[in-house]
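Chemist: I would like to see how this sequence folds:
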Amino acid sequence: MTSNSVDILLVGGGAMSTTLGMILNQLDPSLTVTMVERLDQIAQESTNGWNNAGTGHAAYCELNYTSTRPDGTVDTSKAVNINAAFEVSLQYWSYLVEQNILPEPSQFINRVPHKSFVWGEKNVADLKARYQALSALPSFREMEYTEDRDTLAQWMPLIMKNRTSDEPLAATRIQHGSDVNFGAIARNMANYLIKQDNFNVQLNSSVTDLTKNKDGSWAVELCHKKGKKQVINAKFVFLGAGGGALPLLQMSDIEEGKGYGGFPVSGQWLVCDKPEVVSQHFAKVYGAAPIGAPQCLSLT
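Modeler: Residues are numbered from 1 along each chain as shown. Next up is the predicted model:
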């Protein structure tokens, strides 16, 4: 069994680990950092472009980012914070483009309208209240609202096609939403980091044990694809392993990992390869999920 020591160990090769690795490297290039990934490529699970909605989450269309207070007013604080955080991401990606670390922006981010669509009297009333609260804020001042069916048909023709019910409908729209290829961002970051002196990437490496040393550092045991064992001693460990992060956190036996549970959440991504259909829908459309259902519906 081989062993070595680093300042930082990043577990997982997705968007979280590569972003943290990039920030650490730029703030202090002298830090020794190793990133380990279970698979044989970077960003192949949750970060992969075919495994997530690709939404640039700015709270424009995600209804669960606002809530109704007991007095009936809309709490916009979470939406405002998420919007501000995404703006910081945009600024950071712009900086990385200027530094030739990320490619030309259209290679990883593109403009697409973000829309919320609801049906039923209560949902329509809730969406209107959300619109009134958000559109009064500078970050959301370009939000539009409509209950008019002809306008809805223009905004989302495929969703409105053959809809004959007289049930109340409503939608909001912000034109400058975005679609993000987080996999492309992560892979470009990783390609840059691999070339840096104090940054190392190990693929086909699974974490099998985490043990806290007496000095507060961590001994992290790895198993490589061909069965080779390795121990990395790290001053700090970041678990950016997607759905695998919680079991690893519990493996560490730290107090913060107790009291949590996880269950598998998945979805089926359907791809339409008919241009005549695709050309009729250009939007991210999120709906209000019924109780017990996943929180959002995304049609891109």
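
Chemist: From here on, just use CA atoms for contacts and neighbour counts.
Modeler: Fine.

Chemist: Domains in the chain, by residue range?
Modeler: 2-48+182-257, 63-180+270-299 (automatic domain parsing).

Chemist: export those domains to JSON lines and tack on mean neighbour count, distance to residue 56 and mean pLDDT?
Modeler: Shown next, in JSON lines, are these (neighbours: other C-alpha atoms under 10 Å; distance: least, C-alpha to C-alpha, whole Å; pLDDT from 0 to 100):
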{"stretch": "domain 2-48+182-257", "mean neighbour count": "18", "distance to residue 56": "9", "mean pLDDT": "94"}
{"stretch": "domain 63-180+270-299", "mean neighbour count": "15", "distance to residue 56": "5", "mean pLDDT": "93"}
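
Chemist: Turn these into TSV, columns for distance to residue 55.
Modeler: Listed next are the domains of the chain as TSV, based on distance: least, C-alpha to C-alpha, whole Å:
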stretch	distance to residue 55
domain 2-48+182-257	9
domain 63-180+270-299	5
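
Chemist: Quick one: closest of these to residue 54.
Modeler: domain 63-180+270-299 (4.9 Å; C-alpha to C-alpha).

Chemist: Show me the contact partners of the single longest helix found in the chain.
Modeler: Counting residues, the longest helix found in the chain (DSSP state H) is helix 77-98. Outside of helix 77-98, the residues within contact range by C-alpha atoms under 8 Å, 6 or more residues apart in numbering are 56-59, 65-66, 102-105, 139.

Chemist: what do you get for stretch 185-205?
Modeler: Contacts of stretch 185-205 (C-alpha under 8 Å, 6+ apart): 13-15, 18-19, 21-22, 25, 29-43, 47, 101-103, 108, 222-225.

Chemist: Give me the subset of those residues that lies in strands.
Modeler: Using DSSP state E, the members of these that fall in strands are 33-36, 222-224.

Chemist: Checking my notes, residue 235 in a helix, right?
Modeler: No - Residue 235 sits outside any helix when classified using DSSP: H, G, I helix; E, B strand; the rest coil, being strand.

Chemist: distance of the residue nearest to it when sequence neighbours are not counted from residue 9?
Modeler: Of all residues not flanking residue 235 in the chain, residue 217 sits nearest, at 4.4 Å (C-alpha to C-alpha, 6 or more residues apart in numbering). From residue 217 over to residue 9 the distance is 11 Å, taken as C-alpha to C-alpha, to the nearest Å.

Chemist: just residue 114 next, same as before
Modeler: Relative to residue 9, residue 114 is positioned 37 Å away (C-alpha to C-alpha).

Chemist: One more: residue 174?
Modeler: 40 Å.

Chemist: Give me the three-state assignment for residue 285.
Modeler: strand.

Chemist: Need the three-state assignment for the closest residue to it other than its chain neighbours.
Modeler: Distances taken as C-alpha to C-alpha, 6+ apart place residue 115 nearest to residue 285, at 4.7 Å, with adjacent residues excluded. Using three-state DSSP, the structure places residue 115 in strand.

Chemist: so what's residue 115 up against?
Modeler: 60-61, 171-174, 283-286.

Chemist: so how far is residue 123 from it?
Modeler: Taken as C-alpha to C-alpha, the span from residue 115 to residue 123 is 15 Å.

Chemist: cool, residue 164 as well?
Modeler: Residue 164 is 19 Å from residue 123, by C-alpha to C-alpha.

Chemist: which ones are touching residue 258?
Modeler: Contacts of residue 258 by C-alpha under 8 Å, 6+ apart are residue 250.

Chemist: Ignore what I typed, I meant residue 72.
Modeler: Residue 72 neighbours (C-alpha under 8 Å, 6+ apart): none.

Chemist: Same check on the one 4 residues further on?
Modeler: Under the criterion of C-alpha under 8 Å, 6+ apart, the contact partners of residue 76 comprise 65-67, 133-134.

Chemist: Go again with 7 Å.
Modeler: When contacts are counted by C-alpha atoms under 7 Å, 6 or more residues apart in numbering, residue 76 touches 66, 134.

Chemist: Now it. Its backbone dihedrals?
Modeler: The phi/psi pair for residue 76 (degrees, to the nearest 10) reads phi -100, psi 0.

Chemist: Which residue ranges of the stretch 51-200 of the chain form helices?
Modeler: With DSSP state H, counting those that start in this stretch as the criterion, the stretch 51-200 of the chain has helices at 77-98, 121-134, 149-155, 157-160, 182-194.
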